[in-house]
Structures are given as C-alpha cells and as structure tokens.
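S.K.: Whatever this is, show me its structure:
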Amino acid sequence: MNKNRWLAILAVFALVVAACGGGDDNADDESTKAEDQTDSSADDGGDADEPEPADDAVAGSDGDLLLLQWQAPSQANAHLSTGTKDLLASSLVLEPLAEIGPGGELVPVLATEIPSADNGGISEDQTQMTWNLRDDIMWSDGTPFTADDVVFTSEYCSDELTGCQGNADFLEAESIVADDDYTVTITFKEPTGWPFKLFVSYTSPILQRAQFEPCVGEGATGCSDENLSPVGTGPYTVTELRPEDAVTYVMNENYRGIAEGKPAFGGVQIKGGGDAESAARSVLEIGEADYAWNLQVAPEILAPMEAAGNGVVQSAFTTNVEHINLNQTDPNGDPRSDYSDGNNPNPFFKDNPELHRALSLAINRQELVTVGYGASGIPACNMWHVAGEITDALDWCLEQDIDEANSILDGLGYDDTDGDGVRELSDGTPLEWDYVTSTNAVRQSNQELIKDYWEEIGVKANMKNESASLFFDGTGASDVSIWKFFSDIEMFTNGASAPNGAEYLSNWTTDEIPDSTNNWGGGNMPRLTNDEFDQLSAEVASLAVSDPSRAEKIKRMDEILSSEAVIPLILRANVSAFKADIEGIGDLNGWDSEYWNIEDWSRAG
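M.R.: Okay, the predicted model is just below:
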C-alpha cells in the first residue's frame, strides 16, 4: 500500500510530540511532512484563525438553524453514550477543557492553554498535568464555572455504577484536584504517554456539580431529565429533547461570546428520522435544511444533488472505518452474547482466524467503494489510519481471492455435505448467519454485494437492517443495538475521537466487553479476548508519542484486531452537506464534533 496516500488523510503526531514534551529527533518523516497541516499555535487557541465578528453583529440575529441527523439523538449527556448522534446533541451545550481541531490540533475551550512540557503543564515523568482554566465562563443558569465542576465530573465518571463510557480512563488517575478555583491538577497512577483522554473533545465534557451531584453512581438511573437537558457552558441550551426524534435549543444568554455577536443563530433544531439520502436532498436540492450529517449516499446520487446549487458537500478523512464485527460470543447463548468469563464462545468465529481470513479474502473492497462511496472511500484492511502507525501486514485483503478463500474453508473441513450450496461444521451446523446493519441505502447495497461474495465460498448471510436510532442506541434500552450485538455479524463505522492509537485500540481489550453488568457500555462490541492484545494495550498506554516502539505496538494491536474479530472494509471520509448561505464553517472537523465551532456559523446576507 502506498503510504503517501495517507498523508492526505492526516498526520498530526509532530504537534502531539511537542505538546507532550517529546523531542523532534524521533518524529518520523510522515509526521514531519504533515506538521504544516496543523495549527502550530494550538497552545493559544489559534485565535488568528477565528473569524472576526462584524462590528454590528448581534447574537441570535440570524434566526433558526435546522440540522438534520437522520440518526436521531437519544439524550444529551455525552458521558453516557459512545453513539455519535448523542455526542453531537450534547456538544452544543456541554464543553470540554479543550477541543480537537480539524487538523488534529488541540484547541483550548474552557482552559487558557494546552498543558505541555514547555509551559510546565506536563511533568517530566509524565505522571502529572495541570490545567489553567478561564475565569470568565458562566453556566447557562448564570452561576460561575470553576475547577470544582471539573473535579466533580471526575467523581461522576469514576463511579462505575454511573455508567460513563470513559470510566476506565478516569480510573487511570490517582487524583484530580482543584488547586484553586481556576487550576486543576491531574496525577496519573502510571506515566501516561497521551495525557489528553480526560476533559478533551466532545466525548469528555464538563458537567455542572450543582445539577448532576444527585446523579452519581446508583443515582444515575433517576436522572433522565438531567441527561435530556443538561446545564452547560456552550452556545446553546436544550428546551426540548424528544428521544429518537428531535432536539430544540435556544441561545445560551450567559454564553461568553454574546458581546461579540456569537452565536449568530438564536435557535437550533436537530431533527432525526428519515435516511441519509433524504437528508442530503433536503439541503442540496430543496434547500429547506441548513445541514445534513453523515451522508452515506451513493456518489452517482449525491453529485447531481450538489449540482443543483443550493448547498455544498464537505468531507474529512480521519480514522473512520466501515467494518464487520464477528461476534466472538454466542448470540443464542444464555445470556445472549454474554462473555461469561469465556464460557459462551461463538461456535463459528471464536479462535478461528482462518475462517476470518476466508471471509475477508472473498470481499471485493474496491467494488464496495465504487458502488457506495466514490471519492469519499478507500479500501481498508486495518482499523487504524494515522500516518506512521499504519500496518501493512494485512494488505493481502486488497485483492479479492475467491479460490484462496475456498481453499481455506476446504482445509478447515467445512464441506457442503447436503448439496444445498452452504458449507457446514463437522456437526452439521451450516455456515449461515444473520448479518445486521442500520437502514441505509449504501449499507444495504454493500450488504448485498458481500452476500453474493460469500455465496461463492459456500457461506449464507441473512441480510437484516434496523432503524439507525435503535441500532446506535447507546442507552442500553434497544435489543438491536450494536453494543448488545444479539446476532453473529454486524456492520457499521466507528473511528477515533483523538489521534491516539493507544487509546482508540484499547477499546477492544477484554475489560471493554459490553454486558448487562456495565449497562452495555464497553467499546469491545465483537467481544475480542486476546492476551497479547491486552498486554500490548497496557504497555503502549505509558509510552510517550516520541518512543519509537509505540508505533510498532500499535501496529501489532491492529493486526490482531483486524485478523481475529473485525473485518475492515472501507476507510470513510466524514461527509456532510451545508446550505450554500451558511458561513463560518471552516474545514469539516472529523476529529471532534462537526458542531465544534457552531458559534461561528452565520447566514449570509
């Protein structure tokens, strides 16, 4: 694989090394080349890149903004969901100490600067970091934001019973203390190579102690009102959230940008339902909506829509990979898809990498890209795609090989003894599985292609699709959600929320397996259990970005994941559409919320 292709995607580690205190001597060529793509002024927030408000700008004067998320939000507390639809809904209200900009740069939000070795914010032994907070921030209820709210957020998420998705990250801290009203020091239990897991990006915002203190631990189950309408520091507040339908916001009258005319829009509605194609049409052809998210729309359909002239399509490559999960537990077991300390293995996929290889070899990834994604997709054999850390050990998957796939299955003894076209296990169980994804035209077209490929090797897949709102429901309520995974095979896209391979791949450790005891909250949906993987994850967590062994360990983790439990298919760009008269968007942000700078958006004229 030509690695130069990936430079156009993202390489941000030269900047990250500097932020973490590492030197340039160990930076690889790809990182160095990409440095000019990032904002070298990340420590001061990159203010030079922010649009200057008009002298007569009045906050809220541009009317209402209609945002289409065809995967409708379920709630607005980012800590209780890893589903992007809910994280986006939260990001208009709740803010972190720092965001990640479109180029992977860290941008202060509630903090005054990004901690680094150079400014004294990160200790030499990488066990401590200090955040200096802004002293001019108010919560939407008019009370001051202070370091105590940061400390409270750690208390909230450190209690396992609360159900925070980042619980394991918070438990890596020995202490999180307020040195004064506007200074917070985090001391880690171990040296931490990437100390920006906590309070950075829309996945880890700050909660107000006054509102959420009753919601810690067992109290979390009684806090639906708080989760639907959190008090925040962001540009908007929720007035109504109807789960799986719509969220309505009004301008936060206590937002710090009011005097500068921010936000320009006085009200926002996120409207769910429908599908990606209808959302794209609403913006690009009809012009009735201002934004459409996550446009998995065939290129031959999307291009004529954009040609109508009512809107523009933007895209951003990061690490989003459309992939297939092979359930390593038995969806028909008792309990269903429960790890049960390894006592509920999947009869097909557990400890069977050769079956995984055969299924992967049978797939023509380039055809999937051509049919479903066009220029917004690239065939993928692995899950991690940040320059300098991309393994090429799995590049054999780039060429479809039906003959080799059949040979592998023959060698495994999977024969079609009854002549029905479907191979069986030695006990007569057919290689037949339910293959589930969200309701989406592109996904259904890719499903059908994969079904046909697998038929050529004697495998039967029963295609099923579920409403996106239920399939990606992060509350634990939906039995068809990707976390419960009550089938043998599921397909969707996810990606990293930060350019940190160690953190992202740690989602597939044994400790991250979702089950009823953690409210289906872990990130290891396929239930991978691999001792080497778990050990590598523990080792790489403490390595500085400048350590040359870090990249090699990340590559090996990816190789294990992508050859045992996950079949990567397509590296996907984030693709969204904006109405032509929306200004101030800048580059589409694939690392953080696409609404990360919504306070800068305005309507022309």
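S.K.: what helix or strand does residue 156 sit in?
M.R.: helix 147-158 (DSSP states H and E).
S.K.: Quick one: list the elements packing against that helix.
M.R.: Helices and strands touching helix 147-158, by 3 or more Cβ pairs under 8 Å, 6 or more residues apart in numbering; DSSP states H and E, are helix 167-170, strand 173-180, strand 183-188, helix 209-212. Quick note: C-beta positions are derived from backbone N, CA and C, even for glycine.
S.K.: Try it again at 6 Å.
M.R.: Helices and strands touching helix 147-158, by 3 or more Cβ pairs under 6 Å, 6 or more residues apart in numbering; DSSP states H and E, are helix 167-170, strand 173-180, helix 209-212.
S.K.: Which one of these lies nearest to residue 196?
M.R.: Set against residue 196 and scored by Cβ to Cβ, the helices and strands packed on helix 147-158 come closest in helix 167-170, at 10.3 Å.
S.K.: Give me the contacts around that closest one.
M.R.: Contact with helix 167-170 is made by 154, 157, 158, 160, 197, as judged by Cβ atoms under 6 Å, 6 or more residues apart in numbering.
S.K.: Centre of the chain to it, how far?
M.R.: Centroid displacement of helix 167-170 relative to its chain, using Cα atoms, centre = their mean, to the nearest Å, is 17 Å.
S.K.: Can you add distance to residue 566 and give the contacts of helix 167-170 back as a markdown table?
M.R.: Output for the contacts of helix 167-170, formatted as a markdown table (distance: Cβ to Cβ, whole Å):
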| residue | distance to residue 566 |
| --- | --- |
| 154 | 31 |
| 157 | 27 |
| 158 | 30 |
| 160 | 26 |
| 197 | 22 |
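S.K.: Max pairwise distance over the residues you listed: which two?
M.R.: Spanning the widest gap among these are 160 and 197, at 16.9 Å by Cβ to Cβ.
S.K.: Residue 102 against residue 593, yeah?
M.R.: No - Residue 102 sits out of contact with residue 593 when judged by Cβ atoms under 6 Å, with a separation of 11.2 Å.
S.K.: what about the spatially most central residue of the chain, distance to residue 317?
M.R.: Note on the chain: the residue nearest the mean C-alpha position is residue 495, at 4.4 Å, using Cα atoms, centre = their mean. Remark: distance between residue 495 and residue 317 (Cβ to Cβ, to the nearest Å) = 10 Å.
S.K.: The stretch 451-600 of the chain: strands as residue ranges?
M.R.: Here the stretch 451-600 of the chain has its strands, by DSSP state E, counting those that start in this stretch, at 460-466, 489-494, 566-579, 582-583.
S.K.: Please identify the most buried of those.
M.R.: Comparing those by mean neighbour count (mean count of other Cβ atoms under 10 Å), strand 566-579 ranks first with a mean of 24.
S.K.: That one - contacts with which helices or strands?
M.R.: If you count contacts as 3+ Cβ pairs under 6 Å, 6+ apart, strand 566-579 packs onto strand 311-326, strand 377-379.
S.K.: tell me which helix or strand of this protein sits lowest on mean pLDDT?
M.R.: helix 29-34 (a mean of 24; mean pLDDT, DSSP states H and E).
S.K.: the helices in the stretch 351-500 of the chain, which residues?
M.R.: For the stretch 351-500 of the chain, the helices defined by DSSP state H, counting those that start in this stretch occupy 353-361, 365-372, 402-411, 441-455, 468-471.
S.K.: tilt between the fourth one and strand 566-579?
M.R.: Here helix 441-455 points in a direction 160 degrees away from that of strand 566-579 (axes from the mean of the first three to the mean of the last three Cα atoms, to 10 degrees).
S.K.: Tell me which residues of helix 441-455 come out buried.
M.R.: For helix 441-455, the neighbour count (16 or more other Cβ atoms under 10 Å) marks 441, 442, 443, 446, 447, 449, 450, 453, 454 as buried.
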